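> can't give you the sequence, but here's the structure:
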Ligand SMILES: Cc1cc2nc3c(=O)[nH]c(=O)nc-3n(C[C@H](O)[C@H](O)[C@H](O)COP(=O)(O)O)c2cc1C
């Protein structure tokens, strides 16, 4: 195995000594002795104890940056980061916070560094500044920026983003102190952390991305309209609903667009086809869910391909039949007669069951829309 550079070993030993005895309690001689070299040899690598300390601070920062890359934190423009967080914020926040927590609790370098700073911060103004910067200010201000953008984009309810960041981090710091030195209880700490994040998410996400959903629909006898009302109730307030006949729908304003109509003689309403075609390019950049009211059950091969453009079908996060209703009393005479006659034909009746609205499917569509 290749020998580790002495410069690196000096840092490691110095950190351990600083964490145990404090900065003032350690001399260059102590560090050299711990490494197993002469004091004069140590000075070939570092000109002073202060330089060792400064290098430790820099190393800690780059070590955290390297670790962050493996946490797979959303990166890029703040706008995109906020959108990444918004996709499934509970899971993403849980994952990130437990990884950061694990890093600070278990990474030998990080935990000793934290220990050293917490001892020394009372003795040195400079260390106190670093402690606040590394552990508190940077974390809070970065998170506040993300929350601010999420509020701006409508993913979170309006509140002071700095206070939100404080509320988000305070339990994490508290738990870090609570479980410090009992790393074997990490699982217990992470469970509490997960619950904290779920609750935080619940408080601030209510009234968030619901603003950004549009439902576009077409109906003949009112069944699809009724289903849209049910869908809206599962999504809760502030969802915008449009008739596909409305030519002024601005797709760009929404993140999630749900499009649905009903089926007559194997075809969906013309206005739905027109809407999909006309807005196809924009829709392909959005989250799209497709639904139809009809008597054809889910799972019939090639059925949706006759109703929606193939590109949109492949792009959609969910495509479903949500059942239907045969409103015989609203139908015109011809249609009523048509179905009365068809039902007398065995071949038709075998494949036909009176449709019902499938509330479970509507609920599934709503749940997937909110993810
Ligand atoms: C004349 C007529 C033709 C229909 N054709 C089909 C069809 O080809 N395939 C199908 O699955 N459902 C068909 N249906 C069922 C409707 O799609 C269903 O009743 C739906 O709930 C109607 O929704 P709406 O009231 O929103 O228009 C038909 C219904 C009628 C009255």
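The structure has been received and is ready for your questions. Everything numeric in this text was worked out from a predicted model, so none of it was measured.
> what about residue 14, neighbour count?
Look at residue 14: counted by other Cβ atoms under 10 Å, it has 26 neighbours. Placement of C-beta: from N, CA and C, glycine included.
> for residue 62, same thing?
For residue 62, the tally of surrounding residues (other Cβ under 10 Å) stands at 9.
> let me see the backbone angles for it.
As for residue 62, its main-chain torsions (degrees, to the nearest 10) stand at phi -70, psi -30.
> read off the pLDDT value for it.
We note a pLDDT of 83 for residue 62 in this prediction.
> tell me how far it lies from residue 121.
According to Cβ to Cβ, to the nearest Å, residue 62 stands 21 Å off from residue 121.
> where does the stretch 251-371 of the chain come near the ligand, residue by residue?
Residues of the stretch 251-371 of the chain lying near the ligand by Cβ under 6 Å from any ligand atom: 262-266, 293-296, 324-326, 331, 335.
> closest to residue 87 among the residues you listed?
Closest approach to residue 87 among these (Cβ to Cβ): residue 293, at 28.7 Å.
> can you pull the contacts of the closest one?
Shown in contact with residue 293 (Cβ atoms under 8 Å, 6 or more residues apart in numbering): 219, 223-224, 227, 260-263, 321-325, 355, 357.
> now intersect those residues with the helices, please.
Cross-referencing the contacts of residue 293 against helices under DSSP state H gives 223-224, 227.
> about what we covered before: now, of the residues of the stretch 251-371 of the chain next to the ligand, which are buried?
For those, a burial check counting by 16 or more other Cβ atoms under 10 Å picks out 262-263, 293-296, 324-326, 335.
> backbone dihedrals for residue 268, please?
According to degrees, to the nearest 10, residue 268 has phi -90, psi 160.
> ok, back up a step: so which of the contacts of residue 293 sits lowest on pLDDT?
Across the contacts of residue 293, the bottom pLDDT score, 92, is held by residue 355.
> contact partners for the residue of the stretch 201-350 of the chain found nearest the ligand?
Distances between the stretch 201-350 of the chain and the ligand by Cβ to the nearest ligand atom are smallest at residue 324, namely 2.6 Å. For residue 324, the contacting residues are 223, 262, 293-295, 355-357, by Cβ under 8 Å, 6+ apart.
> now render those as a markdown table, adding distance to residue 17.
Below are these laid out as a markdown table (distance: Cβ to Cβ, whole Å):
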| residue | distance to residue 17 |
| --- | --- |
| 223 | 76 |
| 262 | 76 |
| 293 | 73 |
| 294 | 75 |
| 295 | 78 |
| 355 | 76 |
| 356 | 74 |
| 357 | 72 |
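> what is the most widely separated pair among the residues you listed?
Spatial extent of the contacts of residue 324 (Cβ to Cβ) is set by the pair 262 and 356 at 14.2 Å.
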